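Q: here is a sequence together with a model predicted from it:
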Amino acid sequence: MGVLSESPDPAYDENYEILWGGNHASSLDGGKEIQLSMDNSSGSGFGSKSDYGSGFFKMRIKVPDRNSAGVVTAYYLHSNTSNHDELDFEFLGNKQGRPIILQTNIFINGKGNREQRIKLWFDPIADFHTYRILWNPYQVV
């Protein structure tokens, strides 16, 4: 009888790819994690190499500090169909010393206008936090 062992975490590039700003992305932890950065001229973005119908999605994010007015740090899921469906978590940058606002939105069949702005009870600049979305055919949590 064989012994089951845990497989190591896959490398980042097995499941994701940099979509823009590759010079602002750094590989960490032996290729298991990616760190995105920004400067005065650009930032970076990545996406999944696979399509998903529904599932449980999570991401650890630390929002940029200092004066981030005009910067949106986003985590979103969207469909690749003509009936555009999308779930957004957008951290709206602000002037130093002012709170960061989380804006969410849901698009169903191409129609959005469901924005909600939330004043967070914690500081998303201070450390990494885990954000989760459960998306299935019946609900979004």
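A: Structure received.
Q: show the backbone phi and psi for residue 103.
A: With angles defined as degrees, to the nearest 10, residue 103 sits at phi -110, psi 130.
Q: quick one: residue 64 and residue 70 touch, right?
A: No - judged on CB atoms under 8 Å, residue 64 makes no contact with residue 70 at a distance of 11.1 Å. From N, CA and C alone the C-beta is placed, and that goes for glycine too.
Q: and the gap between the residue positioned nearest the centre of the chain and residue 57?
A: For the chain, the residue sitting closest to the mean C-alpha position, by CA atoms, centre = their mean, is residue 75 at 2.6 Å. Distance check for residue 75 against residue 57: by CB to CB, to the nearest Å, it reads 8 Å.
Q: kindly report the same for residue 17.
A: Separation of residue 17 from residue 57 (CB to CB): 17 Å.
Q: more neighbours, the two?
A: More neighbours sit around residue 57 than around the other of residue 17 and residue 57, counting by other CB atoms under 10 Å; the figures are 16 against 11.
Q: which regions of this structure lie under the pLDDT threshold?
A: Across the chain, the ranges flagged by pLDDT under 70 are 1-8.
Q: okay, strands next: where are they in it?
A: 16-20, 25-28, 33-36, 45-48, 55-61, 72-78, 86-92, 101-107, 116-119, 129-135 (DSSP state E).
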